[in-house]
Structures are given as structure tokens and as C-alpha cells.
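Q: have a look at this prediction, sequence included:
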Amino acid sequence: MYSESVNEDIGPHNEKYRQDFPVEVGASNIEVRLRIDEFDSDDYGKIRLTLYDNNNRPVANDTFYQLEKYLNVKYENVSPGDWHIIVSVEKELGSNSINVGGNINVFGRAVNSTV
């Protein structure tokens, strides 16, 4: 139903990134998979991906630790509206930055679909 790419540098002074996306009637689930690059130190603490529903409530999250490469969240109780993700870094990045890249996918069948 909907797919959007994410490619954002976080840091050195912004430790939070938000991306909004629409969810239409007929959607059944959401999957977000993000890759973290240029993350070579645990000085930053954890990196967290949180999925928020159309009422601004957190419904799913994942935390990135130093030896991992991906953040993944899936959610199935989907209702239409404006949803968003927030990627946040636990500690200040100092002069460093990281890159967050991946996809937001909304699956389902559009109401007006004849397939």
C-alpha cells in the first residue's frame, strides 16, 4: 500500500529524527527496518526506534546496541491516519554522526482495489 525510504544523518547536534507517513484505510500491518552506519563506539549509548500510532502513542520499539546493524519494528493493529517514527540517540554524539537508512512499509489492501 505504501513504502517510503529513510536516509538521514543524525548528529552531531541533533540526536533525534522524526519521519511522518500516512496509513490508509485497508492497511493491515507496518514494518520498519533501518540500518545504522558509522556507529563505531558505545559512547553514544543506545539508539532507539519507536513507532507511534495516529494518536501519538508509542506502539512498538527496538533498541540498537553496538554490535548490531539493524533496527526493526512490526505492528499489526493498524488504523488509518498519520503515523510516525522517531529515531533517538541516548547520549550526545559530540562531533560524530551516524546514518540511518532503510524503509517504512505499510501492507494491506486499498479499499477501492479490485485485485
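A: Yes, it's here.

Q: check whether the residue nearest the centre of the chain sits in a helix, strand or coil.
A: By C-alpha atoms, centre = their mean, the chain has its centre lying nearest to residue 85, at 4.4 Å. Under DSSP: H, G, I helix; E, B strand; the rest coil, the three-state class of residue 85 is strand.

Q: for residue 111, same thing?
A: Residue 111 ends up coil, using three-state DSSP.

Q: and for residue 91?
A: Relying on three-state DSSP, one would call residue 91 coil.

Q: now it: how far from residue 15?
A: Note on residue 91: its distance to residue 15, by C-beta to C-beta, to the nearest Å, is 8 Å. For the C-beta atoms, the positions are set from N, CA and C on the backbone; glycine is no exception.

Q: which of the two has more neighbours?
A: residue 15 (18 against 12; other C-beta atoms under 10 Å).

Q: not counting its neighbours along the chain, what's nearest that one?
A: Nearest non-adjacent residue to residue 15, counting by C-beta to C-beta, 6 or more residues apart in numbering: residue 89, 4.2 Å away.

Q: burial count for that neighbour?
A: By other C-beta under 10 Å, 21 other residues sit near residue 89.

Q: just the pLDDT at it, thanks.
A: Looking at residue 89, its pLDDT is 82.

Q: and residue 12, by the same measure?
A: So residue 12 comes in at 66 (pLDDT).

Q: sticking with residue 60, tell me its helix or strand.
A: Residue 60 belongs to strand 58-64 when assigned by DSSP states H and E.
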